[in-house]
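Return a 3D structure for these sequence lines:
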Amino acid sequence: MRFEIRKVALFLRVTVPVMVLLFLATVNPPSVLAVPSYARQTGLACSGCHYTPPELNPAGRKFKLTGYVDRGDDTKTVKADGGKKRAALDLLASLPLSVMLETSFTSLKTAQPQTQNGNFEFPQDISLFLSGAWTSKVGSFLQVTYDTQDDHFTSDNTDIRFADKTKMGGKELVYGIDLNNNPTVEDLWNSTPAWGYPWNASDNAPTPNASPFINGGLAQDVAGLGVFGMWNDHLYLDAAIYRSEHVGGPQPNPGVSAPGVGAGFNIRGVAPYWRLAWQELTGKTQYEIGTYGMHLRSTPNEITDPTGARIPTDSYTDWAVDTQIDRTIVRTDVLSFRATYIRENNDLLSLLFQGGGPGSSTPLVSQGSHRLNTVMANAEYHIGNKYTGTFGWFNTTGTSDLAFYPSGTAVTGNFNGDPRSAGYILNLSYWPWQNLQLAAQYTGYTRFNGAATNYDGVGRNASANNTLFLDARIFF
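Alright, predicted model coming up:
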């Protein structure tokens, strides 16, 4: 009898939130059929540029490459011809504004100690977008987000582009300048971190504590300026430099992270980012293979020691290879495969110095050099643009360090100092309208923070963090 009651309770815990999300979607049907600002500008539905958002198809990659400025023939604009004494004017007749509302439900396999399991967030976040053409050659994807966990609006992914065209070797060259706040957010493919799988995730479920810095470690905490070019619709090059900006910290930026701001990176000088990719397009298949990476020098916590002397810097280099293949199977059904391998090499001389070196009573690291190897891959089947099923796999290995990956904390701790984590992510998404997504996602861990069992030293197993995530997002 007790077993049957537990089965019913589990069934209700899973199905009730799904029914709530479906009810909210049903009683608030969207009045438009596409993400508004780009759709209104181009006159195309979301499927004109996406398999399903945020996954770009070839037309979507071209739209982004050329600066978000393409528009439909009937797009209302304000124009004035330029002359010798008068600058030209080319504006959209209305501001390219959009809104996204996201609500979610998160449940762990095993509840965190003394916490509520089955967390419902309404909303999880609300985003405002200024996304579209500013002039005939300048456009943007600019996002500001209200985060329930932090209870305030903050700058989110931002990508502002100038783009133009010319000829080189008799072939078309699209070139431009890009300003952004998250390395790889400017990229055209969904195999790099900023727009990579999973497309949505819980903001309160436990996550592993080891990750290469290019995988979100600098997101919204830097400002970058770069140049890019695509030659003959095949060869893509991008080069940029980044500086720390620590939004929410003191300005001018003294190079010290404010409490809760940034990820401990204070870039010294500039941090170069590079991207090289080759793509091929046929009637049914598009594929890309490429490499990307970034190098930075950082002095975390403080810039100088108490005597005023300049202390050593930490050095990080992330380099990666990636690929994406999209194959049309039947009519509009598409099978996609994406993968990236990221290698991080670092020399943490600043952390070693600040902690007093090996054997110190308060070591920050127990050795200077560390390595991380991260693999992320996923396969997705799109049934038209209404249903998708995705299976992803991830694995991180690297150098063990008991000081760098500290223990002693339940759930988030690391008992053996090993950065290894591995698992899978299964996602099923349904788009009843192209600007409404309902998703169910399950993340399973085979290893978490270095171990499969008792990884935190207080008895928690990796599988205890397996997460059911239900999500609804509407764009208008």
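
thought Ile311 was touching Thr299?
Yes. Ile311 is in contact with Thr299 according to Cβ atoms under 8 Å; the separation is 6.5 Å. Just so you know, the C-beta spots here come from the backbone N, C-alpha and C atoms, and that holds for glycine as well.

Looking at these two, which is more packed in?
Thr299 (23 against 15; other Cβ atoms under 10 Å).

shared neighbours of Ile311 and Thr299, which are they?
Residues touching both Ile311 and Thr299 (Cβ atoms under 8 Å, 6 or more residues apart in numbering) are Ser350.

show me what contacts the residue nearest to Ala223 when sequence neighbours are not counted?
Once flanking residues are discounted, Ala223 sits nearest to Glu245: 4.8 Å by Cβ to Cβ, 6 or more residues apart in numbering. Contact partners of Glu245, counting by Cβ under 8 Å, 6+ apart, are Asn181, Asp221, Val222, Ala223, Asn253.

And Trp278, by the same measure?
Here Trp278 is in contact with His234, Leu235, Tyr236, Glu288, Ile289, Gly290 (Cβ under 8 Å, 6+ apart).

where does Phe353 fall, helix, sheet strand or coil?
helix (DSSP: H, G, I helix; E, B strand; the rest coil).

Is it in contact with Ile311, as I believe?
Yes. In this structure Phe353 lies within contact range of Ile311 using Cβ under 8 Å: 5.4 Å.

Sheet partners, orientation included, of the top strand by length along the chain?
As assigned by DSSP state E, the longest strand anywhere in the chain is strand 152-168. Applying DSSP bridges, strand 152-168 is found paired with strand 138-147 (antiparallel), strand 171-180 (antiparallel).

check contacts around the residue nearest to the spatial centre of the chain.
By Cα atoms, centre = their mean, the chain has its centre lying nearest to Ala194, at 3.1 Å. By Cβ under 8 Å, 6+ apart, Ala194 lies in contact with Asn157, Asn182, Pro183, Thr184, Val185, Asp187, Gly216, Ala219.

how much space between Asp326 and Phe415?
42 Å (Cβ to Cβ, to the nearest Å).

who's more crowded, those two?
Asp326 (24 against 19).

For that one, what are phi and psi?
Per-residue torsions, Asp326: phi -120, psi 120 (degrees, to the nearest 10).

and the helix or strand harbouring Leu128, which strands flank it?
Assigned by DSSP states H and E, Leu128 belongs to strand 119-133. Strand pairing for strand 119-133, determined by DSSP bridges: strand 97-108 (antiparallel), strand 138-147 (antiparallel).

Turn those strands into TSV, columns for distance to Gly60.
As requested, the strands paired with strand 119-133 are exported to TSV (distance: least, Cβ to Cβ, whole Å):
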stretch	distance to Gly60
strand 97-108	16
strand 138-147	12
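
List just the one of those that sits closest to Phe265.
For the strands paired with strand 119-133, proximity to Phe265 was assessed by Cβ to Cβ; strand 138-147 is nearest, at 20.5 Å.

Could you list the buried residues of stretch 460-468?
Of all the residues in stretch 460-468, those buried under the rule 16 or more other Cβ atoms under 10 Å are Arg460, Asn461, Ala462, Ser463, Ala464, Asn465, Asn466, Thr467, Leu468.

actually stretch 230-240, not the one I wrote
For stretch 230-240, a neighbour-count test (16+ other Cβ under 10 Å) marks Met230, Asp233, Tyr236, Asp238, Ala240 as buried.

from what I can see the fourth one touches Gly226, true?
Yes. The pair formed by Asp238 and Gly226 meets the contact definition of Cβ under 8 Å, at 6.0 Å.

so where is the chain shaky, pLDDT-wise?
1-35, 254-263, 301-310, 356-361 (pLDDT under 70).

where do the helices sit along it?
Taking DSSP state H to define them, one finds helices in the chain at 2-27, 36-42, 58-65, 349-354.

distance of Thr75 from Gly82?
For Thr75 relative to Gly82 (Cβ to Cβ), the value is 20 Å.

Look at those two and report which has more neighbours.
Thr75 (16 against 10).

Run a quick neighbour tally on Gly423.
Residues near Gly423, counting by other Cβ under 10 Å, number 21.

excluding its backbone neighbours, what's nearest it?
Tyr445 (4.1 Å).
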